[in-house]
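>>> Pasting a predicted model and its sequence here:
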Amino acid sequence: MCIAMLLSFQMLAPYLATAQEAPKVVWVRSFGYTPPPVGHFNVYMGPIGIGDWLLELCTHYFAANGTYVPCVAESWKLDPNYMWFTVTLKKGVKFHDGHTLTTKDLLASFAGPYLLKDRLGYYIKNIKVVDDYTVNFTFTEKTDYPMFYILWHWNVVSYTQYGNYSDKVLELINQGYSIWRDADLPKFQPLLDGLKLYRPTSIIGCGPYKLKSISDTMIVLEKFTDYFGGVPPVDEIQLVRYATSDLIYAAAIKGDIDYLWAIAPPIDIANQIKAAPFAWTTVIPRSVGVTLFINKRIYPFTLLNMRRALAYAINRTEMAYVQYPGGYVASKYLIGWHTPDVTRYLNQSFVDKYIKDFTYDYNPTKANQLLDDLGFKRGPDGYRATPNGTKLEFELLSGGWVVATAGENMAAQLAKVGIRLTVKMIDGAVFGAVDGPFYRGNYQIAANVYGGPGFAYDEYYNKYFGLFPGHSDKYGTVFGQMQKVPWKTDPVNITRLTTDINLYPAQISQARLTEIYSELSYITGDQVPVINLYQPAVLLYLNKDKFAFPTEYGYWAGLGSYELHGLRPLFTYGWLKPKYTLSVVADPANGGTVSSAGGTFAKGDKVTITATPASGYSFDKWVVDGQPGVTTTTITITMDAAHSVRALFARVPYELYVGGAVVVVIVLAAVYWFFLRKKPEE
């Protein structure tokens, strides 16, 4: 009997609570977008940026340690000689429309970037479908450039939406045609024109969420129950469109939103967000910043000293403070890429000898002197004109990278040297569309993005200056494809340099890559085709009371330039988990104690509770969410919803209590009598 009682007190009783139907788990964040028709659902033509929840990737790339983790790609292999790349897909991955992922979908994902002349396609010689789940890309030369873009940069779209383009693109490629050859362009032009006009009403993907609704104020995404990674723990995502940043900050301070990616908010706002009891925050550097593109094809920006005067006339630090008072890093050198870690790529002796003159520190006196030397005279209104009568009146076009207040600050600075600047803000989707004003070159000065040297130079000299019609200068008639650097006798070819960047490590060494960075840094600083301004810091906020999530700094810092892409593991791998409340009480309060007082726990957590009766009481049973439960003294609750648990204790009846005491006394007396009467052995 004693052994049985002991076992009953020690036995664990796992218990999955059956609560009422759990409330819908909703994750809310602020989200800027323009409703259709501007923000349509063609993922390649200035879309509303919800693809990272609806579409899937071949892998997830963790910038913090440079590793790839499988998503819909099961495995991949890069040729040791860098001449081919093979991807093998998972089987059984479902799309929202019910069809199963195959290589047709992967190749449909390749067609859009190829038609838009993404550098990925430049290196593709042909594509071979091995089977329904394996595809092989053969390269035109030794490179590993396409791997990153196939595995992570571009989302996997649906063949049912983009197959009409991919089938024809792949047919042309495998026939030997290339969109990179001018003579072959007519073959691809009808496909490109059709892609630009394509307007799907939604996005069909195999990602964890589907589009439920869209309005002028909110986009609602609902979980995809057939998602290959398991049913997402968050039922619904609400992307709320706020009219101003002040409203966004107020929502974060009140806890009305669960996540905020705030680029350098005002200090007082940042402190209020950090002080909220439900807030988890961290500050990370942004690896991309704001740059000005100077349209070197129009007069007088064709003149080098005009571009240099513009650089001296802009106070980058003042502009940065106006736009990002909560934190920024102003560019020290105007060499085209962010420079806080310049000595990571360029040694200090090189910087001191060749780069130090490219600081272009704010110097209106120097700017005025350069403009005077060009013969640009001031008129009665204080603004200058060229000798042929062209007024120095320009427009700054921005889709958001330079905000209106910073643009007006820049206008005030330029006015001091006789340049009139008008700031024009347009929708970001319109600005960035392939047929929009920036790519078409319909601007005088435009604000856009810059990053590290590899990214920035590939964008400036390949994508913008080389590929897009409004910037293209293939034959070097304006900027000059051939440029001089002082430590070399012969000029260098910018196009060749920026192509070679993408050949590391397949064909060029780290030393050669550094040499290319050195040459392009000098050329950019000397010729001023762009003016890199500043980078912001990001305040990241999540609601820790409602959700559990990873808090490692390295993970969040890796989101510097790919925020939406980088958030994917929260949903793809279920890292974002709702929190539920567990209430535990002893009933009656003086009847005993419980080992846990409850609290908030992440979905899936298991909480073990032990009941210990007080003197004069015995444990009766557990009551979970109003329903009688097990009678063992230990219970384990799985937190699949909010739960309330009561440990019921019963008073030991008085008669039983007194009777038990009498029995104990008699037993003790008998023992005493027995030993007292027993004679000692002789």
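Nice, I can see it.

>>> count of neighbours near Gly626?
9 (other Cβ atoms under 10 Å). Where C-beta positions appear, they are placed from N, C-alpha and C, glycine not excepted.

>>> and it, how far is that from Val645?
10 Å (Cβ to Cβ, to the nearest Å).

>>> distance of the nearest residue to Thr600 once chain neighbours are set aside from Ile257?
Distances taken as Cβ to Cβ, 6 or more residues apart in numbering put Lys579 closest to Thr600, at 4.6 Å, once the chain neighbours are dropped. Distance from Lys579 to Ile257, counting by Cβ to Cβ: 16 Å.

>>> cool, and Val156?
From Val156 to Ile257 the distance is 29 Å (Cβ to Cβ).

>>> In this structure Ser202 contacts Asn42, no?
No: look at Ser202 against Asn42 with Cβ atoms under 8 Å: they stay out of range, at 11.0 Å.

>>> Between the two, which has more neighbouring residues?
Per other Cβ under 10 Å, whichever of Ser202 and Asn42 has more neighbours is Asn42, with 19 against 15.

>>> and that one, that's in a helix?
No: assessed with DSSP: H, G, I helix; E, B strand; the rest coil, Asn42 is coil; it does not lie in a helix.

>>> What are the structural domain limits within the chain?
2-22+578-656, 31-209+545-572, 289-536 (automatic domain parsing).

>>> So for the closest residue to Ala433 other than its chain neighbours, what's the pLDDT?
Closest residue in space to Ala433, ignoring its immediate chain neighbours: Gly46 at 3.7 Å, by Cβ to Cβ, 6+ apart. pLDDT for Gly46: 73.

>>> How many residues are close by Gly46?
22.

>>> ok, back up a step: in contact with the residue nearest to Thr600, which residues?
Contacts of Lys579 were listed using Cβ atoms under 8 Å, 6 or more residues apart in numbering, and they are Asp545, Lys546, Phe547, Ala548, Thr600, Phe601, Ala602, Lys603.

>>> run the last query once more with 10 Å
25, 543-548, 599-603, 605, 639, 642 (Cβ atoms under 10 Å, 6 or more residues apart in numbering).

>>> Can you pick out the ones from those residues that are in strands?
Among the contacts of Lys579, the members found in strands (DSSP state E) are Asn543, Phe547, Ala548, Gly599, Thr600, Phe601, Ala602.

>>> Quick check: the gap between the second one and Thr600.
The spacing between Phe547 and Thr600, counted by Cβ to Cβ, is 10 Å.

>>> how about the helices of the stretch 401-550 of the chain, start to end?
404-415, 428-432, 453-457, 494-500, 510-527 (DSSP state H, counting those that start in this stretch).

>>> Would you tell me which of those gets closest to Val288?
helix 453-457 (7.9 Å; Cβ to Cβ).

>>> Run through who's touching that closest one.
By Cβ under 10 Å, 6+ apart, the list of residues contacting helix 453-457 reads 287-289, 291, 335-339, 342, 344-346, 449-451, 463, 494, 497-498, 501-502, 504, 513-514, 516-518, 520-521, 523-524, 530, 532, 561.

>>> Filter these down to the buried ones.
287-289, 291, 335-339, 342, 345-346, 450-451, 463, 494, 497-498, 501-502, 504, 513-514, 516-518, 520-521, 523-524, 530, 532, 561 (16 or more other Cβ atoms under 10 Å).

>>> Got a quick PyMOL command for the buried subset of the ones in strands among the contacts of Lys579?
Buried residues among those (16+ other Cβ under 10 Å), as a PyMOL selection:
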select buried, resi 543+547+548+600+601
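
>>> quick check, nearest of the ones in strands among the contacts of Lys579 to Asp235?
Nearest to Asp235 among those, with distances taken as Cβ to Cβ, is Phe547, at 12.7 Å.

>>> which neighbours do Phe547 and Thr600 share?
Pro578, Lys579.

>>> give me every residue that touches the nearest residue to Lys463 once chain neighbours are set aside.
In this structure, Lys463 finds its nearest non-sequential neighbour in Arg119, 7.3 Å apart by Cβ to Cβ, 6+ apart. Neighbouring residues of Arg119 by Cβ under 10 Å, 6+ apart: 113, 145-146, 149, 180, 458-459, 462-463, 467, 498-499, 501-502.

>>> try it again with 7 Å
Neighbouring residues of Arg119 by Cβ atoms under 7 Å, 6 or more residues apart in numbering: Tyr145, Asp458, Asn462, Asn502.

>>> How about the first one: what's its closest non-neighbour residue?
Nearest residue to Tyr145, sequence neighbours excluded (Cβ to Cβ, 6+ apart): Asn502, at 4.2 Å.

>>> contacting residues for that neighbour?
Arg119, Thr143, Tyr145, Asp458.

>>> now the helices: where do they sit in the stretch 1-150 of the chain?
Counting by DSSP H, counting those that start in this stretch, the helices of the stretch 1-150 of the chain are 2-10, 51-54, 103-115, 119-122, 145-148.

>>> Lowest average confidence across these, which one?
Among the helices of the stretch 1-150 of the chain, helix 2-10 scores lowest, with a mean of 33.

>>> Now stretch 232-243: average pLDDT?
Stretch 232-243 shows a mean pLDDT of 94 in the predicted model.

>>> Between its first and last residues, what's the separation in that stretch?
Stretch 232-243 has its terminal residues 30 Å apart, counting by Cα to Cα, to the nearest Å.

>>> Could you list the low-confidence segments of the stretch 451-600 of the chain?
Low-confidence segments of the stretch 451-600 of the chain (pLDDT under 70): 474-475.

>>> Which parts of it are strands?
482-483, 492-493, 530-543, 547-548, 577-587, 592-594, 598-602 (DSSP state E, counting those that start in this stretch).

>>> now the ones you listed in CSV, with distance to Ile127?
Compiled in CSV, the strands of the stretch 451-600 of the chain are given as follows (distance: least, Cβ to Cβ, whole Å):
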stretch, distance to Ile127
strand 482-483, 35
strand 492-493, 30
strand 530-543, 35
strand 547-548, 42
strand 577-587, 40
strand 592-594, 64
strand 598-602, 44
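
>>> Quick check: which of the ones you listed is nearest to Leu303?
strand 530-543 (15.3 Å).

>>> Counting neighbours, what do you get for the nearest residue to Tyr443 once chain neighbours are set aside?
Nearest residue to Tyr443 in three dimensions, chain neighbours excluded: Leu397, at 4.3 Å (Cβ to Cβ, 6+ apart). Leu397 has 25 neighbours, counted by other Cβ under 10 Å.

>>> can you tell me the helix or strand for Leu397?
Under the criterion of DSSP states H and E, Leu397 resides in strand 393-398.

>>> tell me the contacts of the nearest residue to Tyr82 once chain neighbours are set aside?
Using Cβ to Cβ, 6+ apart and skipping residues adjacent in sequence, the residue nearest Tyr82 is Ala506, 3.6 Å away. With contacts defined as Cβ under 7 Å, 6+ apart, the neighbours of Ala506 are Tyr82, Lys142, Thr143, Asp144.

>>> How much space separates Ala506 from Thr143?
Applying Cβ to Cβ to Ala506 and Thr143 gives a distance of 5 Å.

>>> Give the residues shared as contacts by those two.
Tyr82.

>>> Can you verify my assumption that Lys142 contacts Tyr82?
Yes: between Lys142 and Tyr82 a contact is recorded at 4.0 Å, counting by Cβ atoms under 7 Å.

>>> Who has more neighbours out of these two?
Neighbours per residue (other Cβ under 10 Å) separate Lys142 from Tyr82, with Tyr82 holding more: 19 against 15.

>>> my read: that one touches Pro146, true?
No: judged on Cβ under 7 Å, Tyr82 makes no contact with Pro146 at a distance of 10.2 Å.
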